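Asker: got a predicted structure here, sequence first:
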Amino acid sequence: MVVSLATLSTCAAGTFTGPWGLQLYSLRTDSTTNLGIFSGQADIGNVARAGSVHFDPSNGDYLITGGGENMWFTNDAFHFVWVKMSGDLTLAADIKFPEMKGNPHRKACLIIRQSLAPDSVYADVALHGVGLTALQYRETAGDTTHEIQSDVSGPTRVGLEKHGDYVTMSVAAAGEALHSAGAMYRIQFQEPFYVGLGVCAHDNRTSERAVFSNVELKSIPAGAGQPTMIESALETVEVASTDRQVVYHTRDHIEAPNWSQDGKYFLFNSKGRIYQLPVKGGTPELLDTGSQAQCNNDHGLSPDGKRFAISDQTKDGKSRIYVLPISGGKPRLITKFAPSYWHGWSPDGKTLAYCAERNGEFDVYTTPAGGGKETRLTTAPGLDDGPDYSPDGKYIYFNSERTGLMQIWHMKPDGSDQEQVTTDDYNNWFAHPSPNGRWIVFLSYARAVKGHPPGQDVMIRLLSLANGKIQILAKLYGGQGTINVPSWSPDSRSIAFVSYQMVYP
C-alpha cells in the first residue's frame, strides 16, 4: 500500500490504522506547522545556519533546507524531518536539487535513525550533488560511517527499506520502477526509531536545498513481505576505508570474482560459464571455455595473467581442473582424478594447489600446472580446503577443521610444518594472501554454521601478518560464492567479492 500525502495532509497528529492494517503516522506537530506524514523536524549536530521544511499539501512536495558540515565520520550535521516508527518499512521519494551550482558533495537522504543525537546509529540512502548514490550507515553510536556505493549515478527516485535487521537501497531512473541496487546491510535498531528525510549542505557556512516529491512511506505488517528472489552484486571493498562499491548488480546468480593481473577486469562464474567484466562495470562478456560448460566457483588466473584455471564438471558431474589461455579457447585437462577443485597458483606459475576428495577424505593436493602426478599435502582427518600460495611462495594457506571449528592454517609448499593461524569462535574459510604479502583475507561464518553454505550472515575479515590483529572488512549476506578464490586487486588496496540481496515484493 502507498500512503498518499494529499489524502492524509488534513489528519490530526498521532497514529491510526489505515487499509490492510498498516500503521500510518502523524502528519503535523501542531496546528501551525504542517509536515505532511512526518511529526517533527530538527537540526541535528553542529549546524551554523538553521534548516527548515516547507510542505506543499497540494502536490505533496517537501522543500528541505539544510546546513551542516557533513553526515560522515562519527558525527552528523544536517536538517531532519521525521516520524517515530517501529517494525519493517519502506520509504521512497523522487529527489531533486533546485540549484544546479550547489556544493557537489551536498546530500539529500532517506533516513532511519536511532536517535536525534549527532553520533547516532543510522542508515540512509544518500543522493549527492554530483549524482553519487550510496547506502550509508553507522553501526554503533560514535562509530565511523561507512558506505556501499551504487553503480547507478544520479537516479531520479530512491528507496530505503528495512526488513528485520537488514536495510536495502533501491533506485530508479526517470520513468522506471524502483529496483534493488545491490546494496544490503545488517544493522540493528531498537524500537522505536526515527524515519524521515534529511539535507546536509556539506559546508557549515551555507545552506543547500532539496525537493522530495512523491514521498511514500509504508509500514509492513509483521510476517508480511517475504523475499521473492535473491539477487547478486559484485562489489569491491577498500582495505584502508572499508567502504564498498557495487560494480555490477544482476538477478542472475554469480559467484567468485577474480581480479585480473593488470587490474582492468574481473572474471566470475554464472550458470556454469565464465564471464569477464570491466572493473568500472558494464556488460559481462562470455569467456570461451570450449566444451567445458559446467564451471563451478573454483577458478583463477596464472601469476603472469596469461592462463586461466577452471574447475568443471561437464564430463560426469565431478569437478576436474583444466587450464586454458586467458583469451579463451580449448581447455586442457590437468587432473585426471575427480573431484578436484582449483584454489591456488604458485608464484612461479609452475604448480597448482587444489582441494580433492580421494577415498572419502578431502585434502590439499598440488600438481604441475602442465599436468602430471599429484602430491597429497594434508592427511589429518576431516576437511582441508581452500589452498592459496603466499606471494613469496614460502607458504600455502588453507582452512582445516582438524581442531573442531574451521580455522586458517599454513604450511610449506611440500606440506611440512603445518601450523594454525587463526584461533577464534568463528568458522574461517578461504584464506587469500595479499599480493604485497602484508595481509590474509578470509570468510567467517558463525560458530554454528556447518560447511560453507550460501544465504548466511558472514564477514570478510583481514588478518595483519605484521601484528596478528584481525579486522572486519565487510558484513554481508553471502557465503558460498562470496570469496572462494583469490580476489585481491593487484595493488593490494581492495578485495572483490559477491554479496547477495533478498528482494521483497
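Answerer: Received the coordinates, thanks. Numbering: from 1, shown residues only.
Asker: distance of residue 429 relative to residue 235?
Answerer: Distance, residue 429 to residue 235, by Cβ to Cβ, to the nearest Å: 18 Å. C-betas here are computed from N, CA, C, even on glycine.
Asker: looking at these two, which is more packed in?
Answerer: Legend: neighbour count by other Cβ atoms under 10 Å for residue 429 and residue 235, higher for residue 235 (28 against 25).
Asker: residues in contact with that one?
Answerer: Residues near residue 235 by Cβ atoms under 8 Å, 6 or more residues apart in numbering: 148, 182, 244, 245, 246, 247, 474, 496, 497, 498, 499.
Asker: same thing but 10 Å
Answerer: For residue 235, the contact set (Cβ atoms under 10 Å, 6 or more residues apart in numbering) comprises 148-149, 151, 182-183, 244-249, 257, 460, 474, 476, 478, 482, 494-499.
Asker: cool, residue 365 as well?
Answerer: Contacts of residue 365 (Cβ under 10 Å, 6+ apart): 321, 335, 337, 340-341, 352-356, 358, 374-378, 384, 387, 415.
Asker: now with 6 Å?
Answerer: 354, 356, 374, 376 (Cβ atoms under 6 Å, 6 or more residues apart in numbering).
Asker: cool, residue 342 as well?
Answerer: Contacts of residue 342 (Cβ under 6 Å, 6+ apart): 298, 309, 311, 321, 354.
Asker: PyMOL command for the buried members of these?
Answerer: Those of the contacts of residue 342 that count as buried under 16 or more other Cβ atoms under 10 Å are selected in PyMOL with:
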select buried, resi 298+309+311+321+354
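Asker: just the ones of the contacts of residue 365 in strands?
Answerer: Secondary structure from DSSP state E places 354, 356, 376 of the contacts of residue 365 in strands.
Asker: so the first one touches residue 339, yeah?
Answerer: No. Taking Cβ atoms under 6 Å as the definition, residue 354 is not a contact partner of residue 339, at 9.7 Å.
Asker: any shared contact partners between the two?
Answerer: In contact with both residue 354 and residue 339: no residue, using Cβ under 6 Å, 6+ apart.
Asker: closest one of the contacts of residue 342 to residue 78?
Answerer: Nearest to residue 78, judged by Cβ to Cβ, of these is residue 298 at 46.4 Å.
Asker: do you know how far the closest one is from residue 147?
Answerer: The gap separating residue 298 from residue 147 is 31 Å, by Cβ to Cβ.
Asker: which residues are in contact with residue 75?
Answerer: 45, 118, 119.
Asker: can you rerun that using 10 Å?
Answerer: Residue 75 neighbours (Cβ under 10 Å, 6+ apart): 44, 45, 46, 68, 69, 117, 118, 119, 120, 138, 142, 145.
Asker: just send those back as a markdown table, with pLDDT and secondary structure too.
Answerer: Output for those, formatted as a markdown table (pLDDT from 0 to 100; DSSP: H, G, I helix; E, B strand; the rest coil):
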| residue | pLDDT | secondary structure |
| --- | --- | --- |
| 44 | 98 | strand |
| 45 | 98 | coil |
| 46 | 97 | coil |
| 68 | 98 | coil |
| 69 | 97 | coil |
| 117 | 98 | coil |
| 118 | 98 | coil |
| 119 | 98 | coil |
| 120 | 98 | coil |
| 138 | 98 | strand |
| 142 | 97 | coil |
| 145 | 97 | coil |
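Asker: most neighbours among these, which one?
Answerer: residue 68 (30 neighbours).
Asker: hmm, back to that, which one among the contacts of residue 342 gets closest to residue 155?
Answerer: residue 298 (36.3 Å).
Asker: can you list the strands that the lengthiest strand in the chain pairs with?
Answerer: Assignment by DSSP E gives strand 208-220 as the longest strand of the chain. Taking DSSP bridges as the criterion, strand 208-220 sits next to strand 61-66 (antiparallel), strand 88-96 (antiparallel) in its sheet.
Asker: flag the shaky bits of this structure, pLDDT-wise.
Answerer: 1-32 (pLDDT under 70).
Asker: ramachandran angles for the residue nearest the centre of it?
Answerer: In the chain, the centroid-proximal residue (Cα atoms, centre = their mean) is residue 499; its distance is 4.9 Å. The phi/psi pair for residue 499 (degrees, to the nearest 10) reads phi -110, psi 160.
Asker: which of the ones in strands among the contacts of residue 365 lies closest to residue 227?
Answerer: residue 354 (34.7 Å).
Asker: next up, the contacts around that closest one.
Answerer: Residue 354 touches 298, 309, 311, 319, 321, 334-335, 339-344, 363-367, 374, 385-387, counting by Cβ under 10 Å, 6+ apart.
Asker: residues in a beta bridge with it, which ones?
Answerer: So, taking DSSP bridges as the rule, residue 354 has residue 342, residue 365 as bridge partners.
Asker: pretty sure residue 36 is touching residue 63, no?
Answerer: No. Contact between residue 36 and residue 63 fails when scored by Cβ atoms under 10 Å: they sit 11.4 Å apart.
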